[in-house]
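1. Make a model of this:
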Amino acid sequence: MKKLISIRDRIFIAGASGMVGSSIYRNLKNSGYGNRVNGGIIYTPTRKELNLLDYNQVLDWFSHNKPNVVIIAAGKVGGIKANEEYPADFILQNLKIQTNIIEISWKLRIKRLLFLGSSCIYPKHAKQPLKEEYLLNNSLEPTNEWYAIAKISGIKLCQALRIQYGFDAISLLPTNLYGPGDNYKVSESHVLPSLIRKFEEAFKSNINTVTCWGSGTPLREFLHVDDLAKACLYVLEYWNPSSRIDENEEKYDSFGFLNVGSGQEISIKNLAELIAKEIGFKGKIIWDKDKPDGTPRKLLNIDKIKKIGWAPKIKLDEGIKKTINDYKKELKEGCLRS
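-> So this is what the prediction gives:
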């Protein structure tokens, strides 16, 4: 199968310092990309070097550096509490970042663009597992609607530019992610890193109770970020939305995006118990039912991406062990995002 990008390409990763962007960078390098000897390069500008919220600065940077493949892993992210407290920041910053990059990439005729959305954009009460065609067929989950609306806008902008102008922009919708470089600030982090920090701090301080949000009953799917990084490269290299995935399938011009997940789910209660066991915490777990649960269940249907040849490799228990070790290492080295 012919690759749609090459090791000679000039690749820009927006958000390269974050958990997702840094994993994508590592995977690209390990796969032979970014080798200047072969004419390739990977651009990973920091926030100080490139303010993605500033349209003119982004345009100047693109005009000067001339990337021809763009990966958008940048944006303001956070859990239920952060979405609740900073709704304007979530929608404004994400809209600006993604629109600046997508519009400029289209105007400068970038060869391929990959936009990373999120599984949280699906309706709250959509049929499970979630298929790509369920997008926008019902109301959103209120606890993260600001972030979701911004991400839907990015996916739809890519879709519109593909339909109207033939711009090769594709999107992936990852499930809940975890792994090295995650944000462990309790007020902003997602559930899995938040639980790791809570249980690790309780264990180290000999505290015998840990309080967790909600009832613990919601079901969630988790994907290690290194599996996502491999999915990103795979679709950039091989996925053409205008082609049929198999002879019985329709064309995917109407979508231009694919789900990416593990295909496995776990309750938040069982997740907390798994993390507590791995850390060695033997105290009591208290569930604060006054706090919101969020969507009751969220599991992605990943049939389409599996049909084009990608599948997850890292099991949840294995990934959690690795992530706890990464947390301890980052804490010791003073580079923990918290």
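2. what residues are up against the closest residue to Ser31 other than its chain neighbours?
-> Distances taken as CB to CB, 6 or more residues apart in numbering place Leu233 nearest to Ser31, at 6.1 Å, with adjacent residues excluded. (Each C-beta comes from the backbone N, C-alpha and C, glycine too.) Leu233 makes contacts with Ile24, Asn27, Leu28, Ser31, as judged by CB atoms under 8 Å, 6 or more residues apart in numbering.
3. Please indicate which of the residues you listed has the highest neighbour count?
-> Looking at these with neighbours defined as other CB atoms under 10 Å, the largest count falls to Ile24 at 30 neighbours.
4. wait, what's in contact with that one?
-> When the contact criterion is CB under 8 Å, 6+ apart, the partners of Ile24 are Ile13, Ala16, Ile71, Ala73, Leu228, Ala229, Cys232, Leu233.
5. Save these as a markdown table, and put in distance to Gly280, secondary structure and pLDDT too.
-> Listed next are the contacts of Ile24 as a markdown table, based on distance: CB to CB, whole Å; DSSP: H, G, I helix; E, B strand; the rest coil; pLDDT from 0 to 100:
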| residue | distance to Gly280 | secondary structure | pLDDT |
| --- | --- | --- | --- |
| Ile13 | 36 | strand | 98 |
| Ala16 | 34 | coil | 97 |
| Ile71 | 38 | strand | 98 |
| Ala73 | 33 | coil | 98 |
| Leu228 | 29 | helix | 98 |
| Ala229 | 30 | helix | 98 |
| Cys232 | 34 | helix | 98 |
| Leu233 | 36 | helix | 98 |
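6. how about the helices in the stretch 201-338 of the chain?
-> Remark: helices of the stretch 201-338 of the chain, listed N- to C-terminal, are 225-238, 268-279, 303-307, 316-333; assignment by DSSP state H, counting those that start in this stretch.
7. for the lowest-mean-pLDDT helix or strand in the chain, packing partners?
-> Taking mean pLDDT, DSSP states H and E as the measure, helix 80-85 is the helix or strand of the chain with the lowest mean score, a mean of 81. Based on contacts counted as 3 or more CB pairs under 8 Å, 6 or more residues apart in numbering; DSSP states H and E, the elements that helix 80-85 packs against are helix 145-165.
8. now the following helix or strand past the helix it packs on against helix 145-165, angle please.
-> Scanning the chain past helix 145-165 towards its C-terminal end, the next helix or strand to appear is strand 169-174 (assignment: DSSP states H and E). In this structure, strand 169-174 runs at an angle of 150 degrees to helix 145-165, with axes from the mean of the first three to the mean of the last three CA atoms, to 10 degrees as the basis.
9. strands paired with strand 169-174, and their directions?
-> The pairing partners recorded for strand 169-174 under DSSP bridges are strand 112-116 (parallel), strand 257-260 (parallel).
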